[in-house]
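[1] Give me a 3D structure for the following:
(one chain, ligands or ions: 1)
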Amino acid sequence: MHEWALAESIILTITEKAKSENKNVIDSVEIVVGELQGIDIEVFEFALNELRNLAKEENNVIIKNFRIVEEKASFRCNRCGYVWRLDDTSLSAEARESIHFIPEAAHGFIQCPKCGSHDFEIVSGRGVYIRL
Ligand SMILES: [Zn+2]
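    Prediction:
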């Protein structure tokens, strides 16, 4: 998907935060990536490593370590309250791909394994966030 664009905006966010706190060394950054984002972790990590050189050259911000954590997707049924994970559902490759592009597409492809309802919440596994 958009590993490079995502890596770029993460580097930018870290750089801005470092500057606003007058820091120029960031020891470790934890990046949590939701399973539904469909990020290729290997490509993403490579992009981060390449781009952090830019942070150093352009802004004199040194980022020492990245830790990428994948957050598993989970869902909660609004009808019966049942909670389940993406791994518990059997999805075609095509459905998985659609969900990776548009997490809301999950509602079309996934239903509560217990009561069959399509009315559920995505509890986790969306989006990307960082912890410094
Ligand atoms: Zn249900």
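
[2] so residue 105 sits in a helix?
    Yes - counting by DSSP: H, G, I helix; E, B strand; the rest coil, residue 105 is part of a helix.

[3] residues in contact with it?
    Neighbour list for residue 105: 95, 98, 99 [criterion: C-beta atoms under 8 Å, 6 or more residues apart in numbering]. (C-beta placed from N, C-alpha, C; glycine too.)

[4] Could you measure from the most far-flung residue of the chain relative to its centre over to residue 11?
    Using C-alpha atoms, centre = their mean, the residue of the chain lying farthest from its centre is residue 115. It sits 28.8 Å away. Distance of residue 115 to residue 11, given as C-beta to C-beta, to the nearest Å: 44 Å.

[5] Pretty sure residue 78 sits against residue 120.
    Yes - Residue 78 lies in contact with residue 120 (C-beta atoms under 8 Å); the separation is 5.7 Å.
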